[in-house]
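Engineer: What follows is a protein structure lacking sequence information:
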């Protein structure tokens, strides 16, 4: 008997959050992730948790700040224009070392753009987004099951490193229905282990949650501490999936929904006798630089082909990873256009 | 000998960074006196603003959280919803609460969040050096209204108590001032009402306090108190609004 | 086996549900499946469509560019998708609302008055299931029994009549 159920990516992410012990959710409606907010509105009260429809994305992310400062597991979800508004709060979360899970079901931009799937927020997610010298861990699921699984990981990493973690999906993943294996409710290993949380100063000195450093040198010291943590994350948390790398002459690089189309292209190339492989970064920050290094050390004759639902954002990290040691080609579409297998084959 | 005056336990013994004649010090102290009197220091979580009182947590000896400019009530909402047994208040100035945070103010009030809000109205942006606030009086000079606020161009002062008084979910609204010792005592009473309301689960309470800013007004502390009484209260009448 | 399907029609014709029933049936028969809707401003009264992929292997791209099977319920959808059907593919066309003089030659077109048949069954909204019945006849993808099981799982509780009429619709389509 198949124990799997069919769920959309949006619903799966919501259910995962509930099962991972999310205590607090605040959001603001925006397509193509409305099913997720509605799902949380239904499920959170059933579990005795808090759901708030905020008056804006600015308010939603600041509500998260308050609930996270209280030591609770918190999540917000939105789509590109809404995530732009949330950058203010994300920078504050980073500055105040507060864990939070932020889901971006990307749509077309810039501006109001459209509601079609897109991957044009890669720069925003991986290179800071808000003001200041900070990073968020960025996880990119490419299936409904992975969207579900990465919610658990996202909460864990956010707690472990005390920073906001982003799940970067897109409209296709959010709206797509696929088989899903649900897991049991998990306990939060970090629950009660947040001595910095604001819970009232009973039997301890008062805690202050802040990102403001007025005395000379204070902010620089704090930034050094953050950077040290980021280097540690870069070393320990690179995640990726790959296929056929051992005998590949050409390696496609793609993430999220786009990686599925790239995988179909790899299958088609292999059928034609071409030695094609795939690298699918799962963490976009830290970007999995090491796999490129390892591959290039072993193989001298190899080519990379990046494909994205954007005009080349992850492409820049792939070029950094390859660092001139091999050719890097690219094909992307944006604004609602999704590269097809045929187009990719034609460009290769 | 009986001790009749002492520093509240909740107020730290450090030098003030506020200017001479500023109202913040008075309200900081009032807040601490009430917290001591109600014996709630160990369950208090304050949300500090962006503005002159940004480092209120340096003075207050209880848990405090920072908020982005204007978002204090959203942060307070998050704290209070996950810890309804704690005492949560925000402390905000006029730029924070009535300009950049207007949406948060109106909607936190409209949700009837069970929090207390301490609103310092000194008709000017203090920390950034004296720009026009939403509460700046008509013809009042600021660095961004060098010829005085022109109602035809910049509108009239925003009256927060009047604005919020129409919302069904608001429990308590009062406007007080700091222009005399009698006024300070009334302010303390209003703040205590607002704090007690929360402890009794009555919902959103806000006290707007007309407060002097001698530095940005270009007046002596004494003249500033007179200006609060004679000019500000004309535009912002004192009293209970809800 | 990999079957790529597009279901298209007006919003309100049960297009998304048709795709979901196919997806649920596929899952029940232990196949891999993906379902993606079109969505947004075009939904109210405009053309809505969903893409379904059913496979016995893990599905890489869930995106359907050239379907093996096309369900169409209105003229704009037919005009939009008819040229995309794979050679030797199948088009199930709602002849109540679609007129076609020169269908593409390399595909099989099954023209059936889905809407009309649904109306005579007493509920215009089961046109989608009449089409599904025809599909089950044309292509041996799932057992009708599996589809009936899906109905009883997804139908709102206390609506036995609804299951019955949908079941009838499938049978009518199948025997056509």
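Structural biologist: Received, thanks. Keep in mind that what you see is a predicted model, and the values were worked out from it rather than measured.
Engineer: Which helix or which strand is home to residue B:135?
Structural biologist: For residue B:135, there is no host helix or strand (DSSP states H and E).
Engineer: Could you tell me how many residues sit around it?
Structural biologist: Residues lying near residue B:135 (other Cβ atoms under 10 Å in any protein chain shown) number 27. Every C-beta, even on glycine, is put in place using the N, C-alpha and C of the backbone.
Engineer: Enumerate every residue touching it.
Structural biologist: For residue B:135, the contact set (Cβ atoms under 8 Å, 6 or more residues apart in numbering or on different chains) comprises B:94, B:98, B:121-123, B:157-158, B:160, B:236.
Engineer: can you map out the strands along chain B?
Structural biologist: Ranges of strands in chain B, per DSSP state E, are B:44-47, B:63-65, B:87-93, B:116-121, B:124-125, B:131-132, B:170-177, B:204-210, B:239-240.
Engineer: Would you list the strands that the second one pairs with, along with their directions?
Structural biologist: Looking back up the chat, that one is strand B:63-65. Note on strand B:63-65: by DSSP bridges, its sheet partners are strand A:208-209 (parallel), strand B:44-47 (parallel).
Engineer: now those strands as a markdown table including mean neighbour count, mean pLDDT and distance to residue A:324?
Structural biologist: What follows is the strands paired with strand B:63-65, written out as a markdown table (neighbours: other Cβ atoms under 10 Å in any protein chain shown; pLDDT from 0 to 100; distance: least, Cβ to Cβ, whole Å):
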| stretch | mean neighbour count | mean pLDDT | distance to residue A:324 |
| --- | --- | --- | --- |
| strand A:208-209 | 24 | 98 | 44 |
| strand B:44-47 | 28 | 98 | 50 |
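Engineer: right, so of those strands, which gets closest to residue C:51?
Structural biologist: For residue C:51, the closest of the strands paired with strand B:63-65 is strand A:208-209, at 46.3 Å, according to Cβ to Cβ.
Engineer: Now do the longest helix anywhere in chain B: which elements does it pack against?
Structural biologist: Longest helix in chain B by number of residues (criterion: DSSP state H): helix B:181-199. When contacts are defined as 3 or more Cβ pairs under 8 Å, 6 or more residues apart in numbering or on different chains; DSSP states H and E, helix B:181-199 sits against helix B:24-38, strand B:87-93, strand B:116-121, strand B:170-177, strand B:204-210.
Engineer: three-state assignment of residue A:219?
Structural biologist: Three-state assignment for residue A:219 (DSSP: H, G, I helix; E, B strand; the rest coil): helix.
Engineer: So it is in contact with residue A:225, correct?
Structural biologist: No: taking contacts as Cβ atoms under 8 Å, residue A:219 lies outside contact range of residue A:225: 10.6 Å.
Engineer: Look at those two and report which has more neighbours.
Structural biologist: Per other Cβ under 10 Å, whichever of residue A:219 and residue A:225 has more neighbours is residue A:219, with 16 against 11.
Engineer: quick one: pLDDT of the more buried one?
Structural biologist: Here, the pLDDT recorded for residue A:219 equals 97.
Engineer: Let me see the contact set for the nearest residue to it once chain neighbours are set aside.
Structural biologist: Distance criterion Cβ to Cβ, 6 or more residues apart in numbering or on different chains; nearest residue to residue A:219, sequence neighbours excluded, is residue A:213 at 3.9 Å. Residue A:213 sits next to A:219, A:221-222 when contact means Cβ under 8 Å, 6+ apart.
Engineer: can you check residue A:18 too?
Structural biologist: Residue A:18 is in contact with A:40, A:43-44, A:47, A:49, counting by Cβ under 8 Å, 6+ apart.
Engineer: would it count as being in a helix?
Structural biologist: Yes: assessed with three-state DSSP, residue A:18 lies in a helix.
Engineer: pLDDT at it, what is it?
Structural biologist: 97.
Engineer: So it versus chain B, what's the distance?
Structural biologist: 15 Å (Cβ to the nearest Cβ, to the nearest Å).
Engineer: Adding distance to residue B:24, write the strands paired with strand B:63-65 out as CSV.
Structural biologist: Listed next are the strands paired with strand B:63-65 as CSV, based on distance: least, Cβ to Cβ, whole Å:
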stretch, distance to residue B:24
strand A:208-209, 18
strand B:44-47, 14
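Engineer: Find the nearest non-adjacent residue to the closest residue to chain A within chain B, please.
Structural biologist: Per Cβ to the nearest Cβ, residue B:78 is where chain B lies closest to chain A, at 2.6 Å. Counting by Cβ to Cβ, 6+ apart, residue A:66 is the residue found nearest to residue B:78 once chain neighbours are left out, at 2.6 Å.
Engineer: Who are the contact partners of the one you found?
Structural biologist: Per Cβ under 8 Å, 6+ apart, neighbours of residue A:66: B:47, B:65, B:67, B:74-80, B:82.
Engineer: ok, back up a step: now the helices and strands packed on helix B:181-199 as a markdown table including mean pLDDT and mean neighbour count?
Structural biologist: A markdown table is the format used below for those (pLDDT from 0 to 100; neighbours: other Cβ atoms under 10 Å in any protein chain shown):
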| stretch | mean pLDDT | mean neighbour count |
| --- | --- | --- |
| helix B:24-38 | 98 | 20 |
| strand B:87-93 | 98 | 28 |
| strand B:116-121 | 98 | 27 |
| strand B:170-177 | 98 | 22 |
| strand B:204-210 | 98 | 27 |
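Engineer: Redo those as CSV? Include distance to residue A:62.
Structural biologist: Output for the helices and strands packed on helix B:181-199, formatted as CSV (distance: least, Cβ to Cβ, whole Å):
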stretch, distance to residue A:62
helix B:24-38, 22
strand B:87-93, 11
strand B:116-121, 15
strand B:170-177, 20
strand B:204-210, 17
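Engineer: so which of the ones you listed gets nearest residue A:160?
Structural biologist: Closest approach to residue A:160 among these (Cβ to Cβ): strand B:87-93, 27.8 Å.
Engineer: contacts for the closest one?
Structural biologist: Here strand B:87-93 has contacts from B:27, B:31, B:35, B:40, B:43-49, B:51-53, B:56, B:67, B:72-73, B:75-76, B:79-80, B:101, B:115-122, B:125-126, B:133, B:194-195, B:198-199, using Cβ under 8 Å, 6+ apart.
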